[in-house]
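> Following is a predicted model, sequence given first.
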Amino acid sequence: MGGTVTVTDGKVTAAAVLPVAMRGRLAVVAVLAGLVVVGLGFRYAGDAGPGRTDARIGAAAYGVGEPWWDIANATDFLGDPGGALLLLTAGVGACLRARRPRAAVLLLVGPGLTVGATRLLKPLAARTINGDDNLAFPSGHTAFLTAFALTLALLAAGRFGLGPTSGTVLALAAASAAGALMGWAQVATGAHYPTDTVGGCCTALAVVPAAAWVIDRVADSPRHRLS
């Protein structure tokens, strides 16, 4: 995570956490992802059961046997407070050892804002599962792991100087893989409907690029520079 530096007005500053070459494409991704979240939220608002697509996918994924049940539970733990803390501690520690405080900030703020967004959206959608007290849409576990993986991919893209196409492919691949893994675990354990996990993944795709852009703007301002 050594990263590269940029020169702004003759001053050396830290590498951007949202690579300049990827900003336009990720902005489009963020807008489209946000529209998916809104669309699914309206579609399943107030529901207390699965939709047709949910039922079909859920029937294939729910109630898996050994060893898949253990894998699903282990994956689910990564979205729990304890598991999330372990991931964030390791990631932030690596960034600080590499002297990349801006990257460390994104690793905390990106996933944090993403999970916060899911908590704000859940009562608005008011979709439930396994009882009226369990709000389902969007999945916070899926949102967190997707956001964490997406953040790491953005930092890697900047570190290795990837271009707009290769960098965007890496970011989307990492986010999709993490979202699919956690999404499967949530459906397999009966914690969420499949469309909840899609909503969680898309929440991360909408929030993390925006958070990274804001962090870069603040860090590169004359009054606030993260070296």
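Done, it's in.
> Ala48 contacts Ala125, doesn't it?
No: the criterion here is CB atoms under 8 Å, and Ala48 misses it with Ala125 at 11.8 Å. From N, CA and C alone the C-beta is placed, and that goes for glycine too.
> more crowded one of those two?
Ala125 (24 against 14; other CB atoms under 10 Å).
> Quick one: residues contacting that one.
Residues near Ala125 by CB atoms under 8 Å, 6 or more residues apart in numbering: 41, 44-46, 135-138.
> try 6 Å this time
41, 45, 137 (CB atoms under 6 Å, 6 or more residues apart in numbering).
> Among those residues, name the ones in strands.
Per DSSP state E, strands hold no members of those.
> so which of the residues you listed comes closest to Gly183?
Phe137 (12.7 Å; CB to CB).
> okay but the closest one is in contact with Asp196, surely?
Yes: between Phe137 and Asp196 there is a contact under CB atoms under 6 Å: 4.8 Å.
> Just the buried ones from the contacts of Ala125?
Buried subset of those (neighbour count, 16 or more other CB atoms under 10 Å): 41, 137.
> Quick one: the contacts of Ala125 as CSV, columns for distance to Ile129 too.
Below are those laid out as CSV (distance: CB to CB, whole Å):
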residue, distance to Ile129
Gly41, 15
Ala45, 14
Phe137, 9
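> Adding pLDDT and distance to Leu170, write the contacts of Ala125 out as a markdown table.
Shown next, in a markdown table, are the contacts of Ala125 (pLDDT from 0 to 100; distance: CB to CB, whole Å):
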| residue | pLDDT | distance to Leu170 |
| --- | --- | --- |
| Gly41 | 97 | 28 |
| Ala45 | 96 | 34 |
| Phe137 | 97 | 28 |
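> Now flag whichever of the contacts of Ala125 is closest to Pro164.
Comparing those against Pro164 with CB to CB picks out Gly41 as the nearest, at 30.3 Å.
> List the contacts of the closest one.
Gly41 touches Ala125, counting by CB under 6 Å, 6+ apart.
> now the helices for the protein?
Ranges of helices within the chain are 23-43, 52-61, 68-77, 81-97, 101-125, 140-159, 164-188, 194-219, based on DSSP state H.
> which one of these is the most hemmed in?
helix 140-159 (a mean of 27; mean count of other CB atoms under 10 Å).
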